[in-house]
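> quick one: sequence plus predicted model below, questions after.
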Amino acid sequence: MNQMICSSLNVNGIEKESITSIEQLPNEIFYEFSHYLDGYDLYYAFSNLNIRFENLLKHSSLFFKIKYLHKSNSPSYDNYKEFIHKYKHKIVSLYFSDHLPLYQFIQLSTIDLSFTNLQSIIFHEILMSKFTVLLFYLKSLPCLFSLTVYPYCVDNDLADIYHMIFQLKFLKYFQMKIDNDETFNIDMSIINNKEFSTIKYFIIYHSISLDELIDLLFYTPQLIHLSCFGIIDRYDDIKPKKIIKLNNLQHLTISIYHLNFDKFENFIVKLSSQLIMLSVKINRPNKSYLNGARWEHFISQHMLYLKKFIFYHIDVIDDDDFKITPVDELISNFTSSFWSMKNWFLYIIIHDNELRYLVCPY
């Protein structure tokens, strides 16, 4: 454990003493290790060696990142339990690969305010009902900045979940991904408490109507980055007065299944005029989005600060004969001087029975 490969170093004819033992490494090297190694592995490697390493583990500059994959019947279970209770105040991140490691961890310790430095949690494959219960404890964490959740067995109504998420007082980053094609009800009008969230990075991977997204954005006025994958058109109109202007929003990524271009334009104009990056993916054929001249006018008039634009449209090839159509003429507008001056270029990709249009930086 203590031995390292010896090397001789000669600089300008002067023999330098080489490091031959791990104990000769400065503490700063071990602090750097803690960014890349699992916290328990670090503890297991250096505990019970000597006083120097015992003190190092206790040092205020050393923190632990935990990727919990252990099983309760493993030989190290008792040691892991001792580690958690002894150093929970030095744990800065928790990662759970699925619901079983999470269940095992909860047997060791409740995730509560005793985790005074816990900043980030990732839950993979967690029952939504279990996540709902955990949220009550997460509210007590004094510096939880980042939360990622991949739930399953999700009820139709997500309004209460989002309401509890928005009550996490220190949260800056939130991501939720639901792997199914179901539609959900997110009626935030039933929520009486209208507290604003501190979230700045908001990533949504599930189906949601534009009206519902607008309702959620009412609670997140500090947003800088918004990604939403699964926009559908469920209602007839968007009420302009409902759309809150997000003055700090700079990056928007949006994936659309059903939404006409008029509603999309209205949404963007009302939402944020200072976007720096816009990425739009159209998953179902919608010819109105293929009008390059319309995009040029829209960007020129309403998105003066836009530096990066990515547009992706998927169409279906019905037969093997390609013919010039009015749509092709609209697409050709993506090759005007406006696009070349910005170094945004059109690519047409044929894959199986799909015709994919991509506009992106060169």
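Done, it's in. Small disclaimer: the values here were computed from a predicted structure and weren't measured.
> show me the shaky parts of the stretch 51-200 of the chain.
Within the stretch 51-200 of the chain, the ranges that satisfy pLDDT under 70 run 52-53, 56, 59-60, 70-75, 190, 192.
> can you say which helix or strand has Leu62 in it?
Assigned by DSSP states H and E, Leu62 belongs to no helix or strand.
> do Phe136 as well
Using DSSP H and E, Phe136 maps to helix 128-138.
> packing partners for that helix?
strand 120-127, strand 146-152, helix 159-166 (3 or more Cβ pairs under 8 Å, 6 or more residues apart in numbering; DSSP states H and E). Glycine gets a C-beta too; all of them are placed from N, C-alpha and C.
> could you dump those into TSV with distance to His225 added?
Below are the helices and strands packed on helix 128-138 laid out as TSV (distance: least, Cβ to Cβ, whole Å):
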stretch	distance to His225
strand 120-127	16
strand 146-152	13
helix 159-166	16
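> other residues contacting the helix holding Phe136?
Helix 128-138 is contacted by residues 99, 102, 110-112, 121, 123, 144, 147, 149, 151-155, 160-161, 164-165, 168 when judged by Cβ atoms under 8 Å, 6 or more residues apart in numbering.
> could you dump the helices and strands packed on helix 128-138 to JSON lines with mean neighbour count and distance to Phe202?
JSON lines is the format used below for the helices and strands packed on helix 128-138 (neighbours: other Cβ atoms under 10 Å; distance: least, Cβ to Cβ, whole Å):
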{"stretch": "strand 120-127", "mean neighbour count": "18", "distance to Phe202": "16"}
{"stretch": "strand 146-152", "mean neighbour count": "19", "distance to Phe202": "11"}
{"stretch": "helix 159-166", "mean neighbour count": "19", "distance to Phe202": "10"}
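> tell me which of the ones you listed sits nearest to Phe345.
strand 146-152 (33.8 Å; Cβ to Cβ).
> adjacent strands (with direction) for that closest one?
In the sheet containing strand 146-152, its partner strands are strand 120-127 (parallel), strand 173-177 (parallel), by DSSP bridges.
> and the angle for the first one with helix 128-138?
Relative orientation of strand 120-127 and helix 128-138, computed by axes from the mean of the first three to the mean of the last three Cα atoms, to 10 degrees: 150 degrees.
> how far does strand 120-127 sit from the chain's center?
13 Å (Cα atoms, centre = their mean, to the nearest Å).
> tell me where the chain has strands.
Along the chain, counting by DSSP state E, strands occupy 9-11, 14-16, 64-68, 91-96, 120-127, 146-152, 173-177, 201-209, 225-232, 251-256, 277-282, 308-316, 344-351, 354-361.
> and the third one, how far out from the chain's middle?
Just to be clear, that refers to strand 64-68. Centroid separation between strand 64-68 and its chain, computed with Cα atoms, centre = their mean, is 19 Å.
> please name every helix or strand in contact with it.
helix 39-46, strand 91-96, helix 99-108.
> ok, residues contacting that strand?
The contact list for strand 64-68, computed with Cβ under 8 Å, 6+ apart, reads 34-35, 37-40, 42-43, 87, 90-97, 101-102, 104-105.
> how much space between Tyr44 and Leu138?
27 Å (Cβ to Cβ, to the nearest Å).
> between the two, tell me which one has more neighbours.
Leu138 (21 against 14; other Cβ atoms under 10 Å).
> circling back to that earlier point, can you flag the buried ones in the contacts of strand 64-68?
Among the contacts of strand 64-68, the ones that count as buried by 16 or more other Cβ atoms under 10 Å are 34, 37-40, 42-43, 87, 90-96, 101-102, 104-105.
> still on that earlier bit, could I get the helices and strands packed on strand 64-68 as JSON lines with distance to Asp181?
JSON lines is the format used below for those (distance: least, Cβ to Cβ, whole Å):
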{"stretch": "helix 39-46", "distance to Asp181": "38"}
{"stretch": "strand 91-96", "distance to Asp181": "25"}
{"stretch": "helix 99-108", "distance to Asp181": "22"}
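> wait, which of those is closest to Ile243?
Nearest of the helices and strands packed on strand 64-68 to Ile243, taken as Cβ to Cβ: strand 91-96 at 35.2 Å.
> pull up the pairing partners for that closest one, direction included.
When pairing is defined by DSSP bridges, strand 91-96 lines up against strand 64-68 (parallel), strand 120-127 (parallel).
> can I get those in a markdown table with distance to Asn343?
Listed next are the strands paired with strand 91-96 as a markdown table, based on distance: least, Cβ to Cβ, whole Å:
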| stretch | distance to Asn343 |
| --- | --- |
| strand 64-68 | 39 |
| strand 120-127 | 36 |
